[in-house]
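Visitor: fold the following and give me the result.
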Amino acid sequence: MGVVFELLPAARGDDPTGPARDIATVESARVERPPGLFGSLNAPPVHLDLSIDYLTHTPLKSFPGSFTCMRDRVTLGTWLPLPGPFFFGLDLDTEAASYSGKWGLIMGGTDQNQTLWQMSIGPKIIDRVNDTLTLYVGSVFIFAGDLDAEVQDSLRYELDLAVQLKLTSKITLTFGAGVRTGIEARPSFYPIAAFEYGRLKIFLEGGILETTWPLLEEAEGHHELDFVASFGVDLRQYRLAEYSGHVLTPVPGGVLRDTRYPLVAGLRYSPFTGLRATLTGGGNLLEKLEVDDHLGRPLARSHAIPAPCFMIRIEIDI
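Guide: Model prediction:
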């Protein structure tokens with residue numbers, strides 16, 4: 001079986017819930033709750049992440065037509081201390097991918113305006129063994145597809161294992177691995193790795209390599225400005241509906257796979273503790289749409305001409 005890198009909300013390169021970030025969040029909250037948007041509250045930390053990812057007009061190569069895609073995403077996460085050195089975390093994530101245009105031609109139709117969903121719940125455990133060693137176990141349960149698709153056929157699962165070593169007050173290493181099931185596809189395996197030197201960070205989580213370079217910091221936790229960049233492979237898999245308005249769909253119960261290779265860069269700004277805004281832009285160096293039948297057998301493939309993409313993201317710690 002070959003190694004396949006793919007991407008989900010819990011492992012996306014720009015996602016705040018990867019193992020390296022989770023461990024850092026727990027470490028900062030170990031002694032007392034860090035101040036959020038409304039100051040230091042006597043309550044579990046809550047992280048809210050809102051993002052809009054827009055892919056502009058993208059012509060298809062193998063079929064006439066083109067499409068645009070907008071992904072609207074909301075993530076809500078929290079952490080709770082457990083007895084001993086353990087912490088329990090939980091993430092709830094919802095993403096709506098709205099496709100519009102004539103991309104339906106690859107499924108034998110004409111114009112196709114459709115919203116496909118990806119919803120997940122991610123419980124995880126962190127064991128802070130000592131001041132140097134921290135262990136991480138995370139899992140994700142995902143529904144991905146049309147809201148009219150069969151639920152049992154649209155489920156995917158993920159398991160992440162990671163170890164973090166705090167070598168000095170500034171240098172931290174994280175490494176591990178994960179496995180993820182697919183929709184009518186073999187499970188995929190991916191590496192987890194991170195290097196941190198203060199606010200300079202390099203992450204490899206899922207199929208995305210991301211780097212953060214500090215540009216400005218007037219005071220600790222205030223007026224931070226970072227340069228962020230990422231590159232990798234972004235794969236979404238969706239189960240299609242069987243019927244629409246009691247009419248059989250062009251590919252009943254089939255699978256849509258959208259694979260992108262985005263290269264993006266931008267700025268992340270934090271005016272004060274508890275609020276961060278990120279604006280990035282770039283392009284998909286390669287994109288491929290694939291449609292399989294209900295058993296995962298290929299029906300149609302089409303590469304797309306590279307197109308610009310943009311993302312705006314707001315993170316709030318409450």
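
Visitor: C-alpha only now, for contacts and for neighbours.
Guide: Noted.

Visitor: partner strands of the host helix or strand of residue 165 and their direction?
Guide: Take DSSP states H and E as the rule and residue 165 turns out to sit in strand 155-166. Sheet neighbours of strand 155-166, with direction, are listed as strand 133-145 (antiparallel), strand 171-180 (antiparallel) (DSSP bridges).

Visitor: where do the strands sit along the stretch 151-300 of the chain?
Guide: For the stretch 151-300 of the chain, applying DSSP state E, counting those that start in this stretch gives strands covering 155-166, 171-180, 188-197, 200-205, 208-219, 222-232, 234-239, 243-244, 247-248, 255-272, 275-292, 298-304.

Visitor: let's have these in a markdown table, adding distance to residue 51.
Guide: Below are the strands of the stretch 151-300 of the chain laid out as a markdown table (distance: least, Cα to Cα, whole Å):
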| stretch | distance to residue 51 |
| --- | --- |
| strand 155-166 | 22 |
| strand 171-180 | 24 |
| strand 188-197 | 23 |
| strand 200-205 | 19 |
| strand 208-219 | 17 |
| strand 222-232 | 15 |
| strand 234-239 | 16 |
| strand 243-244 | 29 |
| strand 247-248 | 34 |
| strand 255-272 | 13 |
| strand 275-292 | 9 |
| strand 298-304 | 24 |
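
Visitor: looking at the strands paired with strand 155-166, which is buried most?
Guide: Most buried of the strands paired with strand 155-166 by mean neighbour count (mean count of other Cα atoms under 10 Å) is strand 133-145; its value is a mean of 21.

Visitor: hmm, who's touching that strand?
Guide: Contacts made with strand 133-145 from outside it, assessed by Cα atoms under 8 Å, 6 or more residues apart in numbering, are listed as 10, 19, 23, 116-129, 151, 154-166, 237-241.

Visitor: same thing with stretch 69-82?
Guide: Counting contacts by Cα under 8 Å, 6+ apart, the residues outside stretch 69-82 that touch it are 26, 44-56, 87-100.

Visitor: contacts for stretch 169-189, please.
Guide: By Cα under 8 Å, 6+ apart, the surrounding residues in contact with stretch 169-189 are 3-6, 20, 153-167, 190-198, 206, 237-239, 255, 294-296.

Visitor: return it as PDB; C-alpha atoms alone will do.
Guide: What follows is stretch 169-189 as a C-alpha-only set of coordinates in PDB (Å, rounded to 0.1, in the frame of the first residue of the first chain):
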ATOM      1  CA  SER A 169      12.900  27.400  27.200                       C
ATOM      2  CA  LYS A 170      12.700  28.200  23.500                       C
ATOM      3  CA  ILE A 171      13.300  25.000  21.500                       C
ATOM      4  CA  THR A 172      10.500  22.400  21.200                       C
ATOM      5  CA  LEU A 173      10.300  19.400  19.000                       C
ATOM      6  CA  THR A 174       7.200  17.400  18.100                       C
ATOM      7  CA  PHE A 175       7.000  14.200  16.100                       C
ATOM      8  CA  GLY A 176       4.400  11.500  15.500                       C
ATOM      9  CA  ALA A 177       2.200   9.900  12.900                       C
ATOM     10  CA  GLY A 178      -1.500   9.400  12.100                       C
ATOM     11  CA  VAL A 179      -3.800   7.200  10.100                       C
ATOM     12  CA  ARG A 180      -7.100   8.100   8.400                       C
ATOM     13  CA  THR A 181      -9.700   6.100   6.600                       C
ATOM     14  CA  GLY A 182     -11.200   7.100   3.300                       C
ATOM     15  CA  ILE A 183     -14.600   6.900   1.600                       C
ATOM     16  CA  GLU A 184     -14.300   3.800  -0.600                       C
ATOM     17  CA  ALA A 185     -10.500   4.100  -0.400                       C
ATOM     18  CA  ARG A 186      -7.600   2.600   1.400                       C
ATOM     19  CA  PRO A 187      -6.500   4.200   4.800                       C
ATOM     20  CA  SER A 188      -3.800   6.700   4.500                       C
ATOM     21  CA  PHE A 189      -0.800   7.300   6.800                       C
END
